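Trainee: With the input below, show me the fold.
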Amino acid sequence: MGDLSFDSSVLDRSATTPLHRQLYDYIRDLIAHRVLAPETRLPATRRLAENLGVSRNTVVAAYAQLESDGLVIARHGSRCQILASLSTPPDAAAEASSSAGDAQLLSRRGTVMAGQIVHTAIPGQVAFHPGTPDLRQFPFKIWRKLLARQLQATTQPVFGYHSISGHPRLREAIARNLATSRGVRCDPEQVIVTAGAQAALDLLARLLLDPGDTVWMEEPGYPGAHSAFAAAGAAIAALPVDERGWHADRVAGPLPRLIYLTPSCHAPLGVTMVVEHRRLLAEIARRSGAWLIEDDFDAEYRFTGPALPAIQGLDAAGRTIYLGTFAKAVFPALRIGFVVLPHALAGRVESAVFYAGAYAPLLLQGTLAAFMDEGHFARHLRRMRLLYAERRRLFCELCQSHLASWLEPIDGYAGMQTSWWLRPPLDDRRLAEEARRRSIVLTPLSEFYHHGEPRQGLILGFAPLREAEMHVGLKSLRDLLEDMAG
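Mentor: Got it, this is the predicted structure:
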């Protein structure tokens, strides 16, 4: 921890409490609530007195009281240091207990959001987290040069409060790339850049849904979308999906206000929606006056057959909102996503983007725009498609060779992960919990079901794994399955 600096505002010179006692109380509270960690060194008495505008004797008296109470230790010629073996003071423990017992800490929306399952990666453990790219393959040398160029060109508008809807060059690059690669028809003005796909989903839920509105959502379906819609108070109706496709004829309830789909690579099954189903759902959206969110999840990575056109390009009625992210094609920590809005919505949401805080740093947007404009993005993507296609083939072969007794493949041919049904009687959540204790990352398929009885399965990421790493990870998984089944 760097040198501490206390502002003079911590002291109230109009109060009857002596200044040294105020300083003592302030530092004691910081220690009690672990704001100041054990072994932290307090500022030197002379320097702190200057910062606070008090006499040195005031600081010395406060430090002496802290030492007398066993909170700090002072050695000759050295600054006071917070003791390493402090327990939580009784008053802090009582305060924490009181807070924990308060049933009204969060709003209803906050309670829904806080209760959602979050799937996060574990640093250093990549097997088998889904959606994780191989960062060893990313051209960081080129990225650093482009970022440095943005930093040096201080006349460029990347350091202020503007371009809330997105860096103009990036919006142009996204529109151009979508037109050539996905058949999306849009102008740059329809593109809104966001701080990742989840920020886009939260923004759209706030903009388009009122409490009680009906949302058709895939079952099983992406928990991040379910969280955003549920927190907005929507009534979510299940749109069944299986290996044979999307079954709009089985949806119960009223017509939707919004339809959410992942047609290029279904999250989580990995299957791809055929053109007939794309046209059907676009027509349902038109007839019902609903908005259709096309989350083009993992569209970059389709490994068999021709790429299918985006629903947005097929939708003549202009009811489709196209959503994408650079998390997989560049790197997850970039936190840049985007939405392509219909003309009826474009130009009306910039204030909402600003107040929702959904916009990404312009410095990174400018770097990404240069990365795309100069052809680096397209070259990197072509190279990764070939690499991931070969890794997927090998990974599936190894899984079926070593884990066929427990796993049944789901025949999806897209994405950076594979999905498998788990043969009974194993429970995928218990399996994932035990795997984490063994430093294996498993994602339970049952957590993607939000209605009725979930099916048991696993989602296994393969993209960052070299062959030797696959063998090691799958051996550990086999050992775990044998122990759990035995």
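Trainee: Using the three-state scheme, assign V112.
Mentor: The assignment at V112 comes out as helix when based on DSSP: H, G, I helix; E, B strand; the rest coil.
Trainee: got it, and E172?
Mentor: helix.
Trainee: any idea how far the closest residue to it other than its chain neighbours lies from A234?
Mentor: Excluding its sequence neighbours, the residue lying closest to E172 (CB to CB, 6 or more residues apart in numbering) is P188, at 4.6 Å. (Glycine included, C-beta is placed from N, CA and C.) P188 is 30 Å from A234, where distance means CB to CB, to the nearest Å.
Trainee: Over to A432?
Mentor: 28 Å.
Trainee: Of the two, give the one with the bigger neighbour count.
Mentor: The neighbour count for A432 versus A234, taken as other CB atoms under 10 Å, is higher for A234 (24 against 20).
Trainee: so what's the residue nearest to E172 up against?
Mentor: P168, R171, E172, I174, A175 (CB atoms under 8 Å, 6 or more residues apart in numbering).
Trainee: so T214 bridges to which residues?
Mentor: A235 (DSSP bridges).
Trainee: Pretty sure it sits against A234.
Mentor: Yes - T214 is within contact range of A234, at 7.0 Å (criterion: CB atoms under 8 Å).
Trainee: quick one: common contacting residues for these two?
Mentor: Counting by CB under 8 Å, 6+ apart, the residues touching both T214 and A234 are R257, L258.
Trainee: follow-up on the earlier one: switch the contacts of P188 over to TSV; also include distance to L334, pLDDT and neighbour count.
Mentor: Converted to TSV, those look like this (distance: CB to CB, whole Å; pLDDT from 0 to 100; neighbours: other CB atoms under 10 Å):
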residue	distance to L334	pLDDT	neighbour count
P168	19	96	16
R171	16	98	24
E172	18	98	18
I174	14	98	27
A175	19	98	19
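Trainee: Please parse the chain into its domains.
Mentor: 8-93, 140-375, 379-485 (automatic domain parsing).
Trainee: nearest to M113, of the ones you listed?
Mentor: Set against M113 and scored by CB to CB, the domains of the chain come closest in domain 140-375, at 4.8 Å.
Trainee: Compute the first-to-last residue distance for that closest one.
Mentor: 15 Å (CA to CA, to the nearest Å).
Trainee: Going by residue numbers, what spans are helices in the stretch 101-250 of the chain?
Mentor: Under the criterion DSSP state H, counting those that start in this stretch, the stretch 101-250 of the chain carries helices at the ranges 108-114, 140-152, 168-181, 197-208, 223-231.
Trainee: Show me where the stretch 351-486 of the chain has its strands.
Mentor: With DSSP state E, counting those that start in this stretch as the criterion, the stretch 351-486 of the chain has strands at 407-409, 417-422, 443-444, 457-461.
Trainee: Can you get me a residue count around P123?
Mentor: 6.
Trainee: returning to that earlier point: dump the strands of the stretch 351-486 of the chain to a markdown table, plus distance to L204 and mean neighbour count.
Mentor: Formatted as a markdown table, the strands of the stretch 351-486 of the chain follow (distance: least, CB to CB, whole Å; neighbours: other CB atoms under 10 Å):
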| stretch | distance to L204 | mean neighbour count |
| --- | --- | --- |
| strand 407-409 | 33 | 17 |
| strand 417-422 | 24 | 22 |
| strand 443-444 | 25 | 23 |
| strand 457-461 | 25 | 26 |
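Trainee: Out of these, which is closest to V274?
Mentor: strand 417-422 (18.4 Å).
Trainee: who's in contact with that closest one?
Mentor: Looking at strand 417-422 with CB under 8 Å, 6+ apart, the contacting residues turn out to be 128, 130-131, 268-270, 392, 395-396, 399, 406-410, 412, 428, 431, 443, 445, 455-463.
Trainee: Ok, stretch 125-140 next?
Mentor: In contact with stretch 125-140 (CB under 8 Å, 6+ apart) are residues 119, 121-122, 268, 298, 327-332, 376, 380, 383-384, 387, 415-417, 439-443, 459-465, 469-470, 472-473, 476-477.
Trainee: Give me the buried subset of these.
Mentor: Neighbour-count burial (16 or more other CB atoms under 10 Å) applied to the contacts of stretch 125-140 gives 119, 268, 298, 327-330, 376, 380, 384, 415-417, 440-443, 459-465, 470, 473, 477.
Trainee: Nearest the middle, which residue of the chain would you pick?
Mentor: Nearest to the geometric centre of the chain sits Q198, at 6.2 Å (CA atoms, centre = their mean).
Trainee: Could you list every helix and strand in contact with whichever strand or helix holds F338?
Mentor: Applying DSSP states H and E as the criterion places F338 in strand 337-340. Using 3 or more CB pairs under 8 Å, 6 or more residues apart in numbering; DSSP states H and E, the elements in contact with strand 337-340 are helix 168-181, strand 191-194, helix 197-208, strand 320-325.
Trainee: Direction included, what does that strand pair against?
Mentor: strand 191-194 (antiparallel), strand 320-325 (antiparallel).
Trainee: centre of the chain versus it, how much separation?
Mentor: 15 Å (CA atoms, centre = their mean, to the nearest Å).
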